[in-house]
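S.K.: Compute the structure for the input listed below.
(2 chains)
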Amino acid sequence: MTHARRVNATDTELIQDALAGRQAAYASLVERYQSFAFTLSYRMVKNREEAHEVAQDAFIKAFKHLASFEGKSKFSTWLYKIVYTSALNHLRKNRPDWVSIDDDARPIQLNDPGVEPVSVQLEKNERAQEIRKAIQHLSPEDASVITLFYLYEKKLEEICEIMDLSLSNAKTKLSRARKRLKTIIEDSYSDLQTP
Amino acid sequence: MQEQFSINHDVLWDYLDGLLPNEEVAKVEQYLDSHPEWKSVLKSIQEERDALLSTSLDSVDPDFARTVMASWKAEMPAKAKNKPLDWGILGFALGFTLILGVPIIIFLGMAASSTTPQSIALPDLQLEHWTTLLLSPTLHLSVLTLFALSLLQFISKYLLTQRRIQALSL
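M.R.: Model prediction:
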């Protein structure tokens, strides 16, 4: 398969080629998903170098077990599950305090319906940057659920598979993660306003 | 008695995220029509949601893919070395051998029997002994076995070489 054909090939075609021993197909899968795997990993471990290691390790694990991929779910869902699990294991090993933080104990503040939210006050071009920074302050689980749902546009059912959650639990986590994100943005904005 | 329906931030988020069932979507829309003060809340949530959707992927190191492939390549030869016997390839080779080998042996046998010792004037005992050996079923079996083993060895080496070339080339 030529480079141009590999770029247009479906995940299933690339997987079949990879399983037939064509290393170029593995390389195409890495190129296709490297940014997604790295972003999820980075948002969880909060450190670029460690995130690279985790994402690279996840790809090697995925390739080792590629023959066990049955195609019941999308390849991306299967890969993100490996990235998510690898990142959690990395955190458990290196920063157990991060994973064990009980996020439910942290307060969530909400504005009254009539009050203009802080996000509206931020300039449009700054808002996305602000959110990216705020996501870095979320717990690994919250950052994952937000990233998977809003950035990767994964369905709740797929998030359940990746994070090993029930549907109702995933919905609750998504709602809580959104509120925490909002609190973080509001806190950082009020810090900026304070002289 | 009709159930009282009210909305909150979570319901509006679920409404925008497409997580509400159809009947609740209709209720939310009805509620928003009759409570315009919630429309501004919906608008602000929509803006927050747009901002969430507009965040981009983090940039990965340019060497990322190369590093992954280098690690994967390092694992490949060991994996190939420890690869268990491929019964598919072995079966194919055996079938191929039988298809080619059996007709050859039959041909050899027929060629030998057409020149029987009785039809040839044999000058001495030594030549008679040699032709008798040519007709021997033991010889046929030995030739077939040697032929099959050589063919298997050749096919196996050819396939292994091809696989290694593919594994080591990008």
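S.K.: so which strand or helix has residue A:85?
M.R.: Here residue A:85 is covered by helix A:75-94, with elements defined by DSSP states H and E.
S.K.: That helix - contacts with which helices or strands?
M.R.: In terms of contacts (3 or more CB pairs under 8 Å, 6 or more residues apart in numbering or on different chains; DSSP states H and E), helix A:75-94 is packed against helix A:11-19, helix A:23-45, helix A:48-64, helix A:96-100, helix A:140-146, helix A:156-163. C-beta: built from backbone N, CA, C; applies to glycine.
S.K.: Near residue B:53, how many residues? Count them for me, please.
M.R.: Residue B:53 has 13 neighbouring residues, counting by other CB atoms under 10 Å in any protein chain shown.
S.K.: returning to that earlier point: using CSV, list the CA coordinates for the helix holding residue A:85.
M.R.: Listed next in CSV are the C-alpha coordinates belonging to helix A:75-94 (Å, rounded to 0.1, in the frame of the first residue of the first chain):
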residue,chain,number,x,y,z
PHE,A,75,-10.3,1.5,17.1
SER,A,76,-10.0,5.0,18.6
THR,A,77,-12.2,4.0,21.6
TRP,A,78,-10.1,0.9,22.1
LEU,A,79,-6.9,3.0,21.9
TYR,A,80,-8.1,5.7,24.2
LYS,A,81,-9.0,3.1,26.8
ILE,A,82,-5.4,1.9,26.7
VAL,A,83,-4.1,5.4,26.9
TYR,A,84,-6.5,6.2,29.8
THR,A,85,-5.5,3.0,31.7
SER,A,86,-1.8,3.6,31.1
ALA,A,87,-2.1,7.2,32.4
LEU,A,88,-4.0,6.1,35.5
ASN,A,89,-1.4,3.4,36.2
HIS,A,90,1.4,5.9,35.7
LEU,A,91,-0.3,8.3,38.1
ARG,A,92,-1.0,5.5,40.7
LYS,A,93,2.7,4.5,40.5
ASN,A,94,4.2,8.0,40.5
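S.K.: Now do the contacts for the nearest residue to residue B:56 once chain neighbours are set aside.
M.R.: Counting by CB to CB, 6 or more residues apart in numbering or on different chains, residue A:128 is the residue found nearest to residue B:56 once chain neighbours are left out, at 7.0 Å. Contacts here follow CB atoms under 8 Å, 6 or more residues apart in numbering or on different chains; on that basis residue A:128 touches B:51, B:54, B:55, B:56.
S.K.: Over to residue A:14?
M.R.: With contacts defined as CB under 8 Å, 6+ apart, residue A:14 is in contact with A:6, A:25, A:28, A:29, A:32.
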